[in-house]
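*Asks:* sequence and predicted structure are below.
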Amino acid sequence: MPLALYDTWSRTVRTFTPIDAGRVGMYCCGPTVYDDAHIGNLRTYVFEDVLRRVLMRNGYDVQHVVNITDVGHLTSDADEGEDKMEKGSRRTGESAWAMARRYTDAFVRDWRALRLLEPTVWCRATDHISEQIVFVDRLVRAGYVYRTEDGLYFDSSQQDDYGYLARLNRTGLHAGKRVALGEKKNITDFALWKFSPTGVKRQMEWDSPWGRGFPGWHIECSAMSAKYLGTLFDIHCGGEDHVAVHHSNEIAQTQAAHGTRLANFWMHGHFLTLDADTKMSKSSGDFVRLQTLQRRNVDPIAYRYLCLTAHYRSKLRFTWASLEAAQTALNRLRHFYSGLPGGGRIDPNFEARFDAEVNEDLNAPRALAVLWDLVKSDLPPSTLRATLDSFDVVLGLGLRDWNPVAPEVPADARVLLGERERARAESDWAKADQIRETLRALGWRVEDTNEGQRLFRIALPSTIALPCAEN
């Protein structure tokens, strides 16, 4: 089955054909490193990792570029407020440069903990200031730029199709606007280069033909993607919150400078939500990190598995119960796999079923269903292992690298486990169930297997409510 992907630009699932045969250029918007990434951010990177793996499975050589935003991302999409890096620097008491390095390192640790494939290129905004200045200069010479007291702005009114990616109604936006435009000509205009405020010494600022300052957020992605992938490449990815502003602005300035919409496919992962469908966000300073899960005895790969249980274009609601279920499923799969012998061949029927699902717009939930059908099948054990290995190339669960390690069980849990074993031997099922719940409250899940009782660490419930953040 040919690979088909949903394109936000066309609002359709369409057959993927690369611009250059055998090669795929893919750019993914990375983090703004003023704080840790939260697990909602990380869901997007899991989707992008699956996309890359599926492209590779289809025989493509993927040039995968991920940016690090370490300057220019203002606290408002309307180009109001200050640079998030300067604000974060005050919060942490570090220099903006030191803070950027620390949070970049933390992000890369999270990336690797989730078994995401390393990008072909990591690119920092601060390492590409000259490319951004050249890009802005090209827009100036093309007549798309005007100057205000605080910077250079892109004149979006010169493009009749501005905002097509998001299907923006510019007339409606103007009629309902509630923000002060200041010197901006149009509500949809955006900053290309911001001037350093008079009398203020910024930590991150550079000389330019228009004055000392720093680049806007959107220009960095257009400039860096063009440098590494060309002015029209195959796939641009990001979260759904990028559609209306960041990605619409990337397209606008690239159309003005190079006459392309930058990418042939625009793909977006949907939000991870909390209770009442509240989007997880860093803006409130209160959110769930991957380290939060690890402190509660959750394997990061269990969170990866949880992400695979929902289609990337559907919302995924995060609960501790759903995360525990993902951990349980992952543990069962790992133990099943570890008992299988090698030397087998991939089953072609199951492989064809699996490929059909992942090639239909990365349908990971249905691909997992094929996996569990395989586990329940009566195929020879060596065939099961070889086929699971094949599936895991896409799923990225690391089954081959996992080794069972007996958990360190405290004395009180061992005593309870012995009492439960005696209760079961005496058919006192009520007492056995009561002990199971007691162990659960202590952070242990009991599974009854042919080899006897087995204990697994579980994620203890949070003692505080999950954070709800504003947009």
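*Replies:* Now that the structure is in, tell me what you want to look at.

*Asks:* when you work out contacts or count neighbours from here on, use the C-alpha atoms and nothing else.
*Replies:* Noted.

*Asks:* name the nearest residue to W402, sequence neighbours excluded.
*Replies:* The spatial neighbour of W402 that comes closest, neighbours along the chain excluded (CA to CA, 6 or more residues apart in numbering), is R334 at 7.2 Å.

*Asks:* the one you found touches D401, doesn't it?
*Replies:* No. Taking contacts as CA atoms under 8 Å, R334 lies outside contact range of D401: 9.9 Å.

*Asks:* more neighbours, these two?
*Replies:* Here R334 and D401 are compared on neighbour count by other CA atoms under 10 Å; more neighbours surround R334, at 19 against 8.

*Asks:* helix or strand: which one has the more buried one?
*Replies:* Secondary structure assigned from DSSP states H and E places R334 in helix 320-338.

*Asks:* residues contacting that helix, please?
*Replies:* Taking CA atoms under 8 Å, 6 or more residues apart in numbering as the criterion, the residues outside helix 320-338 that touch it are 298-299, 302-303, 305-306, 385, 388, 399-400, 402-404, 458-459, 461.

*Asks:* which pLDDT value belongs to the residue nearest to W402?
*Replies:* On the pLDDT scale, R334 is placed at 94.

*Asks:* same thing with the one 4 residues further on?
*Replies:* At S338, the model reports a pLDDT of 89.

*Asks:* repeat for V140
*Replies:* For V140, the pLDDT comes out at 98.

*Asks:* so who does it touch?
*Replies:* Under the criterion of CA under 8 Å, 6+ apart, the contact partners of V140 comprise Y146.

*Asks:* can you give me the helices for the stretch 51-200 of the chain?
*Replies:* Taking DSSP state H, counting those that start in this stretch, the helices of the stretch 51-200 of the chain run over residues 84-92, 96-113, 129-142, 170-175.

*Asks:* so which residues make contact with the longest one?
*Replies:* It refers to helix 96-113. Contacts to helix 96-113, defined as CA under 8 Å, 6+ apart, come from residues 31, 33-37, 42, 68, 70, 85-86, 88-89, 92, 118, 203-204, 290, 300-301.

*Asks:* ok, 7 Å please
*Replies:* Around helix 96-113, the neighbours that count as contacts under CA atoms under 7 Å, 6 or more residues apart in numbering are 33-37, 70, 85-86, 89, 203, 290, 300.

*Asks:* check contacts around Y6.
*Replies:* When contacts are counted by CA under 7 Å, 6+ apart, Y6 is found next to 12-14, 267, 361.

*Asks:* of those residues - the most surrounded one?
*Replies:* Among the contacts of Y6, M267 has the most neighbours (other CA under 10 Å), with 24 neighbours.

*Asks:* so that one sits in a helix?
*Replies:* No. Secondary structure assignment places M267 outside any helix; it is strand (DSSP: H, G, I helix; E, B strand; the rest coil).

*Asks:* if we can go back for a sec, got CSV for the contacts of Y6, with distance to G230, pLDDT and secondary structure too?
*Replies:* Output for those, formatted as CSV (distance: CA to CA, whole Å; pLDDT from 0 to 100; DSSP: H, G, I helix; E, B strand; the rest coil):
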residue, distance to G230, pLDDT, secondary structure
T12, 24, 98, strand
V13, 24, 98, strand
R14, 23, 97, strand
M267, 18, 98, strand
D361, 25, 98, coil
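
*Asks:* among the residues you listed, which two are most distant?
*Replies:* By the measure CA to CA, R14 and M267 form the most distant pair in the contacts of Y6, at 11.9 Å.

*Asks:* strands along the stretch 201-350 of the chain, start to end?
*Replies:* In order along the chain, the stretch 201-350 of the chain carries the following strands (DSSP state E, counting those that start in this stretch): 213-215, 232-239, 262-269, 272-273, 316-317.

*Asks:* quick one: list the elements packing against the fourth one.
*Replies:* Taking 3 or more CA pairs under 7 Å, 6 or more residues apart in numbering; DSSP states H and E as contact, the helices and strands that strand 272-273 lies on are strand 316-317.

*Asks:* run through who's touching the strand it packs on.
*Replies:* 271-274, 310.

*Asks:* let's go with 6 Å and repeat that
*Replies:* The contact list for strand 316-317 (CA atoms under 6 Å, 6 or more residues apart in numbering) reads 272-274.

*Asks:* of those residues, closest to I251?
*Replies:* For the contacts of strand 316-317, with I251 as the reference and CA to CA as the criterion, the closest is L272, at 25.7 Å.
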